[in-house]
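> Structure for the following, please:
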Amino acid sequence: MRRNGGLSPVRVWIALGCVTMASCSTYPRDIDGTLDRIEQSHVVRVGLAELRPGQQAKAQQFIARIEHVTGARATIDMAPAEAQLARLEEGGLDLVIGEFADDTPWIETVAVLEPLDHRAVGHHQFGLAPAAANGENCWIGLLEHEIRSATASPRS
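As a prediction, the model looks like this:
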């Protein structure tokens with residue numbers, strides 16, 4: 001959490017991008033105001049699906065990034081992925097992190113974002129990925145930025 005109460009440079013750029021694009025059209029915006037609510041309440045509601053030990057550490061690192069950039073504290077609930085995605089869709093969570101198949105049927109109802117990590121099981125691909133409610137475009141933009149930052153490989 002930032003102690004000075006100011007905005008991080010990343011947060012400023014995201015906000016400027018949202019304002020710029022909003023002036024051109026109605027996007028990006030959060031239909032249900034997720035990012036505004038997180039900023040006002042200083043709480044981000046995270047649902048973790050049951051994860052393997054190595055995934056648990058990556059998910060926690062990503063949550064720490066989100067806490068830092070938003071200045072919010074994460075409240076974390078653990079439950080099976082299906083239950084977490086249902087809660088996300090109904091507005092009970094802001095973010096779900098779980099391992100999802102590339103062809104998960106949930107891709108139709110929630111925004112499953114770029115994976116933080118991948119693994120193959122036979123011919124199937126799975127990704128440890130954050131998911132957010134559809135239509136929460138500023139929130140999704142912030143998450144996507146943090147995913148890219150978290151998964152960027154160091155340059156030689």
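> Quick check, A131 in contact with V112.
Yes: using CB atoms under 8 Å, A131 is in contact with V112, at 4.7 Å. Yep, even glycine has a C-beta here, placed from its N, CA and C like the rest.
> Looking at these two, which is more packed in?
Legend: neighbour count by other CB atoms under 10 Å for A131 and V112, higher for A131 (28 against 21).
> Given the helix or strand containing that one, what are its sheet partners and their directions?
Using DSSP states H and E, A131 maps to strand 124-133. Note on strand 124-133: by DSSP bridges, its sheet partners are strand 95-101 (antiparallel), strand 110-112 (antiparallel), strand 117-121 (antiparallel).
> Would you mark the buried spots in the last one?
Right, strand 117-121. D117 (16 or more other CB atoms under 10 Å).
> With the first one instead?
Buried residues in strand 95-101, counted by 16+ other CB under 10 Å: L95, V96, I97, G98, E99, F100.
> Pull the contacting residues for the residue nearest to the fourth one when sequence neighbours are not counted.
The spatially closest residue to G98, leaving aside those adjacent along the chain, is A49, at 2.9 Å (CB to CB, 6 or more residues apart in numbering). Taking CB atoms under 8 Å, 6 or more residues apart in numbering as the criterion, A49 is in contact with M78, A79, P80, A81, Q84, V96, I97, G98, E99.
> who's in contact with the second one?
Contact analysis of A79 by CB under 8 Å, 6+ apart lists G47, L48, A49, E50, R87.
> so how far is A79 from the first one?
Right, G47. The gap separating G47 from A79 is 7 Å, by CB to CB, to the nearest Å.
> Residues that sit against both of these two, list them.
With CB under 8 Å, 6+ apart, G47 and A79 have common neighbours R87.
> Tell me where this protein is predicted with low confidence.
Applying pLDDT under 70 to the chain flags residues 1-28, 153-156.
> Quick check: phi and psi on M78?
Per-residue torsions, M78: phi -110, psi 130 (degrees, to the nearest 10).
> what bridges to the nearest residue to it once chain neighbours are set aside?
Spatial nearest neighbour of M78, chain neighbours left out: L48 (4.9 Å); criterion: CB to CB, 6+ apart. According to DSSP bridges, the residues that bridge with L48 are M78, I97.
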